[in-house]
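[1] Provided below for reference: sequence and predicted model.
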Amino acid sequence: MKQKLKVLFAVLVIVGAAYWAFTAVWPTRYTGSKIMFPVGSGTVLVTNLGTEPIPIEMRSEGRTGTFRIESRDLGLAESAKRQGSGRDAYYTLSFDLPPGQARINITRGSNVYFISRAETPIEAVVSPLAPGTRRAILIVCGLAIAWALYFISSVTQHRWLGNLRRKLPLGRLQSKKTAA
């Protein structure tokens, strides 16, 4: 019974790490007009489906909410400006989004929201984590899964290795003797 609980624990670690890796990498899609969605500290690929530029606001709440965005498509590299004071303070950055597609990267900061108040519909694909953070999460998840697999193997006393050795012809091959 104790062995089964250990294996169950390791399986739960594998499932949890796989879920964490999946949700960290999988992008989120948003579509609509007058829309607000989180970008986090990652990248948003946004498409203006209209024919006119639309005003966009990117915002982060709180005293430590400063952020910086960069976009080669828009020719934009700016830091957010603080608005308000005290508890009502927030950081904001406004720009016009031309028709077509543009990639916007959050290069500093987190908890950033993308806000469109226009009637023109937009489509967006958000990767909410920075590439370095995604990479670190995938490495940690890979290590956790490898540890859990080894733990399961050690709890079962590596029985699968014996079965594998019997099925593979590794020790059964005979070397040919050559005449000298």
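    Structure received.

[2] Distance of F95 relative to G32?
    According to C-beta to C-beta, to the nearest Å, F95 and G32 sit 19 Å apart. Bear in mind the C-beta positions are built from the backbone N, C-alpha and C, glycine included.

[3] count of neighbours near C141?
    Neighbour count of C141, defined by other C-beta atoms under 10 Å: 20.

[4] Among F95 and G32, which residue is more densely surrounded?
    F95 (18 against 12).

[5] Report all helices and strands that the helix or strand harbouring that one contacts.
    Using DSSP states H and E, F95 maps to strand 90-97. If contacts are counted by 3 or more C-beta pairs under 8 Å, 6 or more residues apart in numbering; DSSP states H and E, strand 90-97 sits against strand 54-61, strand 76-79, strand 81-83.

[6] So which bits of it are buried?
    For strand 90-97, burial by neighbour count (16 or more other C-beta atoms under 10 Å) applies to 90-93, 95, 97.

[7] Would you reformat the residues you listed as JSON lines and include pLDDT and distance to G132?
    Below are the buried residues of strand 90-97 laid out as JSON lines (pLDDT from 0 to 100; distance: C-beta to C-beta, whole Å):
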{"residue": "Y90", "pLDDT": "87", "distance to G132": "26"}
{"residue": "Y91", "pLDDT": "89", "distance to G132": "22"}
{"residue": "T92", "pLDDT": "91", "distance to G132": "25"}
{"residue": "L93", "pLDDT": "92", "distance to G132": "22"}
{"residue": "F95", "pLDDT": "92", "distance to G132": "25"}
{"residue": "L97", "pLDDT": "92", "distance to G132": "26"}
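
[8] of all the residues you listed, which comes closest to V126?
    Closest approach between these and V126, by C-beta to C-beta: L97, at 14.8 Å.

[9] Show me what the closest one is bridged to.
    On DSSP bridges, the residues paired with L97 through beta bridges are I54.

[10] what's near enough to touch it?
    Contact partners of L97, counting by C-beta atoms under 8 Å, 6 or more residues apart in numbering, are 46, 48, 53-56, 74, 116, 122.

[11] do you know how far it is from T31?
    15 Å.

[12] can you check L45 too?
    13 Å.

[13] returning to what we had before: buried subset of the contacts of L97?
    46, 48, 54, 56, 74, 116, 122.
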